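S.K.: Here is a sequence with its predicted model. Questions after.
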Amino acid sequence: MTQLASYRLTTRTRTGTAAGLAALVLIAVGIVLPAFVSRSVIQDLFYILTMLTLAQLWNLLAGYGGLVSVGQQAFVGIGAYAMFAGVILAGWNPVFAILLGGVAALILAIPTAFFVFRLQGAYFAIGTWVIAEVTRLLVAQWKTLGGGTGTSLPREATGSILGVDAIRALFSVREAAARDILAYWLALVLVVAVTGGIYWLLRNRLGLALAAVRDNTEAAKSVGVDAGRLKWAVFLLASVATGLTGALIFLQTARISPDAAFALTDWTAYVVFIVVIGGIGTIEGPILGVIVFFILRSALADYGSWYLLSLGIIAIVVMLFAPRGLWGLISSRSGLHLFPVRRRLAGPKIEGGH
Amino acid sequence: MILKLENVSKSFGALKVADSVTFAVPRGEALGIIGPNGAGKSTLFNLITGNLLANAGRIEFLGRDVTRAPAMERVRMGVGRSFQIPQPFEGLTVFENLLTAAAFGRGGREAEMVEDCARILDETELLKKANVVAGTLSLLDRKRLELARALATDPQLLLLDEIAGGLTEGECKALVATIRSIHAKGTTIIWIEHVLHALNSVVERLLVLDFGRVIGLGAPDAIMASKEVREIYLGLEV
């Protein structure tokens, strides 16, 4: 028998620490960036950050929880509509009304989970899509919020958004530009909270449980993991954050319609593309994926349907030749993990254990 | 008695896979279960662990009725199991497989489980491969991992499902030695196995299942000499 006094658990790596410091610097740069860049750059960054948030949340569902949903647009849409309802019907300040987006998404997620958790695999995916479509059709009947054609945030509401006056004074910009800066900062907060939250979750013992359930639900139950409760928790958490993101996206546009808010292509297909090409089941994957997606979008957006065809072909090629995505390819060749979650046993007699 | 089954039955449609199964296991015993393929041996394990719920009858563990208790509750009470076909968490390392079992099976913090996981890995000869991803393991190491992961839940009752199947003679001997040492420390074991010489070198009693019914229960020598068992299980004309 081996002397077992000196074994310890370690997750920390030098690369991880360096990446953590780099992330802090990036966040700080992100906060002060509006002072140095144009409004169009802020708008582009807002798009990147919100898509990254949605991608991290979908990755949490599919990559870690094994819940391949194609109905996340339901929570983007209901979150956005709840924010509009808070502003138009209850007279809330739009910034506070974003929180209603999270509440509405939670209220929708509970019955959704009740139905779709009875389905497995492809049937689960179809079930989520059906619920998203039903929600879109129901919201389109809501005449007070513009019915099928949609509505805009009232001028008096967009003119009095909390913090906009302070931003105007700080950066000497017009009201519309100040609104974009506020939305960008809120998107930055959201993406940091979501990415940081997922990273914390994965380093917590719940991260082990999630991986166990994803790999083998029956075996996970047999070692004491409450697989059912875990799936519920992940689904509800992802839905709430998706609802908040949806509310923020449509706060920035200040205009909503059922087709835009519940768009399968915009809020699920692109998000799946980002995660798949970046690398499913990793935190780094969606970050790389959203950068690649944005470059492709900028380069190909003028080519109409060729744009979508190109995205599809790229996704297929990546799935065939790098099934773990671009980050999977990079990390398997270099051993690089910017957000290390692997628990390593360190001690004598272990291969690479010192 | 650590485990008691009274008239436990389970059917899938018209197919009866457990038919009024009744037996009890005293604490510290090693009980072997044999029977032809499809006799309902693994189903019986699933009923004991809670992966399947019985249609009728009563299952007691440590004197408590657990017939309707979910699998995770029974694990926390002290029922550990291995699967016939190894079911590792393939994306996790060997150590992480054990850490998951220890943290959830016992309900403790990860850091408190490290020394115990290292000890179990050492006992099951997996310590060297602690940081290897489980999906890349050989069959023998997967079998060892099944055993190690079950032990990490700190079971009072350990259920082993054909853990020696598919192994070479040498590998089988090594695994039997490990199981024997676990039993020697007082863990109650119920072991389903077709490799009879391995099974009989460890167990004190044998239970024979056929079509979901218990057709024999007793000392290995007496069971193996039974005419009915030899006809049904070994296919010998007596």
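M.R.: Sure, I can see it.
S.K.: State the number of residues packed around residue 136.
M.R.: All of this refers to chain A. By other Cβ atoms under 10 Å in any protein chain shown, 21 other residues sit near A:R136. Quick note: C-beta positions are derived from backbone N, CA and C, even for glycine.
S.K.: meant chain B actually
M.R.: 12.
S.K.: Please report the distance of the residue in the stretch 51-200 of chain A positioned nearest to chain B from B:A148.
M.R.: Among all residues of the stretch 51-200 of chain A, A:Y64 sits closest to chain B, at 10.0 Å; criterion: Cβ to the nearest Cβ. Distance, A:Y64 to B:A148, by Cβ to Cβ, to the nearest Å: 24 Å.
S.K.: Equivalent analysis for A:G65, please.
M.R.: Taken as Cβ to Cβ, the span from A:G65 to B:A148 is 26 Å.
S.K.: A:A346 now?
M.R.: According to Cβ to Cβ, A:A346 and B:A148 sit 18 Å apart.
S.K.: So between these two, which is more surrounded?
M.R.: When neighbours are counted by other Cβ under 10 Å, B:A148 comes out ahead of the other of A:A346 and B:A148, with 26 against 18.
S.K.: And for the closest residue to the more buried one other than its chain neighbours, the neighbour number?
M.R.: With sequence-adjacent residues excluded and distances taken as Cβ to Cβ, 6 or more residues apart in numbering or on different chains, B:A148 is closest to B:T124, at 4.2 Å. Counted by other Cβ under 10 Å, the residues lying close to B:T124 total 26.
S.K.: Please list all residues in contact with B:T124.
M.R.: B:T124 makes contact with B:R144, B:L145, B:L147, B:A148, B:L151, B:T178 under the criterion Cβ atoms under 8 Å, 6 or more residues apart in numbering or on different chains.
S.K.: Check the gap between it and chain A for me.
M.R.: Separation of B:T124 from chain A (Cβ to the nearest Cβ, to the nearest Å): 12 Å.
S.K.: Next, give phi and psi for that residue.
M.R.: As for B:T124, its main-chain torsions (degrees, to the nearest 10) stand at phi -100, psi 10.
S.K.: Next: B:H183.
M.R.: Residue torsions, per degrees, to the nearest 10, at B:H183 are phi -60, psi -40.
S.K.: now whatever helix or strand A:L106 lives in, how far from the centre of its chain.
M.R.: A:L106 belongs to helix A:94-116 when assigned by DSSP states H and E. Relative to the mean C-alpha coordinate of its chain, helix A:94-116 is positioned 15 Å out (Cα atoms, centre = their mean, to the nearest Å).
S.K.: host element of the residue lying closest to B:V195 once chain neighbours are set aside?
M.R.: Sequence neighbours aside, B:A164 is the residue nearest to B:V195 in space, at 4.4 Å (criterion: Cβ to Cβ, 6+ apart). If you go by DSSP H and E, B:A164 is not part of any helix or strand.
S.K.: C-terminal to the least confident helix or strand in chain A by mean pLDDT, what's the next element?
M.R.: None of the helices or strands of chain A scores lower by mean pLDDT, DSSP states H and E than helix A:155-158, at a mean of 86. Downstream of helix A:155-158, the next assigned helix or strand under DSSP H and E is helix A:164-171.
S.K.: Just give the number of residues close to residue 205.
M.R.: Picked chain A for this. The local packing of A:R205 (other Cβ under 10 Å) involves 19 other residues.
S.K.: that's the wrong chain, I meant chain B
M.R.: When counting by other Cβ under 10 Å, one arrives at 18 neighbours for B:R205.
S.K.: With adjacent residues omitted, what lies nearest to it?
M.R.: Nearest residue to B:R205, sequence neighbours excluded (Cβ to Cβ, 6+ apart): B:L31, at 5.2 Å.
S.K.: who does the residue of the stretch 251-354 of chain A found nearest chain B bridge with?
M.R.: Here the stretch 251-354 of chain A gets closest to chain B at one residue, A:L345, 4.2 Å apart by Cβ to the nearest Cβ. Beta-bridge pairing for A:L345 (DSSP bridges): A:L9.
S.K.: which ones are touching it?
M.R.: A:L345 neighbours (Cβ under 8 Å, 6+ apart): A:Y7, A:R8, A:L9, A:G353, B:F95, B:V114, B:C117, B:A118, B:L121, B:A130, B:N131.
S.K.: Point out the ones among the residues you listed that are inside strands.
M.R.: A:R8, A:L9 (DSSP state E).
S.K.: What segments of the stretch 101-250 of chain A are strands?
M.R.: Using DSSP state E, counting those that start in this stretch, the strands assigned to the stretch 101-250 of chain A run over residues A:151-152.
S.K.: got a pLDDT number for A:A301?
M.R.: If you check A:A301, the pLDDT there is 82.
S.K.: Report the contact partners of it.
M.R.: Shown in contact with A:A301 (Cβ under 8 Å, 6+ apart): A:Y307.
S.K.: a helix runs through it, doesn't it?
M.R.: Yes - assignment of A:A301 by DSSP: H, G, I helix; E, B strand; the rest coil places it within a helix.
S.K.: Now stretch A:163-170: buried residues?
M.R.: Buried residues in stretch A:163-170, counted by 16 or more other Cβ atoms under 10 Å in any protein chain shown: A:G163, A:V164, A:I167, A:R168.
S.K.: and B:G170, which of the three is it?
M.R.: Judged by three-state DSSP, the three-state class of B:G170 is helix.
S.K.: Now A:V116. Nearest residue, chain neighbours left out?
M.R.: A:G127 (4.1 Å).
S.K.: Can you report how many residues lie near that neighbour?
M.R.: A:G127: 20 surrounding residues under other Cβ under 10 Å.
S.K.: I figured it hits A:A113, correct?
M.R.: No - judged on Cβ atoms under 8 Å, A:G127 makes no contact with A:A113 at a distance of 10.3 Å.
S.K.: residue contacts, B:A71?
M.R.: Contacts of B:A71 (Cβ under 8 Å, 6+ apart): A:K221, A:S222, B:T49, B:G50, B:N51.
S.K.: do that again at 10 Å, thanks
M.R.: B:A71 sits next to A:218, A:220-227, B:46, B:49-53, B:79, B:81 when contact means Cβ atoms under 10 Å, 6 or more residues apart in numbering or on different chains.
S.K.: returning to what we had before: my guess is the residue nearest to A:V116 contacts A:L119. True?
M.R.: Yes - look at A:G127 against A:L119 with Cβ atoms under 10 Å: they come within range, at 4.7 Å.
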